[in-house]
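S.K.: What follows is a predicted structure for the sequence shown.
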Amino acid sequence: MQERIFKIDRELLKRYAEASGDQNPIHQDEAFAKSVGLPDVIAHGMLTMGLVGQYVSDWAGGSANVKEYSARFVKPVVVPANTVVDLVVIGVATEENGLYRLELTATVDGVKVLGMAKALVKK
């Protein structure tokens, strides 16, 4: 599977907050995020997982072919102001009886942000 890079910036966080209804200030207000002990604004966990899910869906030829998908959040994706953060996603596929098991890696600056990320797809 080929590596894919998703670009995350504050504008994407704002659009995701509007679409999802998740207006938690840790995702948009730098002062608030820092006041609760975060290094800066962080991306929504479900945004990160959704981008990795897009990688899986695209590789599988559409969401209808994704049978299972799961991951654990292990590190937040920090998104400083006026910065574009690269979410790097890559997978390894193993075929089993017409289904593919995907082991996925999602990193930012070389640090894994999702753990135990895996999917089962029919292709």
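M.R.: Now that the structure is in, tell me what you want to look at.
S.K.: Going by C-alpha atoms from here, please, whenever you check contacts or count neighbours.
M.R.: Will do.
S.K.: so when I look at Trp59, I'm seeing a helix, right?
M.R.: Yes - assessed by DSSP: H, G, I helix; E, B strand; the rest coil, Trp59 belongs to a helix.
S.K.: Do you know the pLDDT at the nearest residue to it once chain neighbours are set aside?
M.R.: Excluding the flanking residues, the one nearest Trp59 by CA to CA, 6 or more residues apart in numbering is Met1, at 8.0 Å. The model reports Met1 with a pLDDT of 95.
S.K.: Quick check: Met1 touching Val92?
M.R.: Yes - counting by CA atoms under 8 Å, Val92 is a contact partner of Met1 at 6.0 Å.
S.K.: Give the buried residues for stretch 22-40.
M.R.: Buried residues in stretch 22-40, counting neighbours by 16 or more other CA atoms under 10 Å, are found at Ile26, His27, Gln28, Glu30, Phe32, Ala33, Asp40.
S.K.: What is the burial count for Ala19?
M.R.: For Ala19, the neighbour count with other CA atoms under 10 Å is 10.
S.K.: Whichever strand in the chain runs longest: partners in the sheet, and parallel or antiparallel?
M.R.: Longest strand in the chain, counting residues (DSSP state E): strand 85-96. Using DSSP bridges, strand 85-96 pairs in its sheet with strand 4-8 (antiparallel), strand 99-108 (antiparallel).
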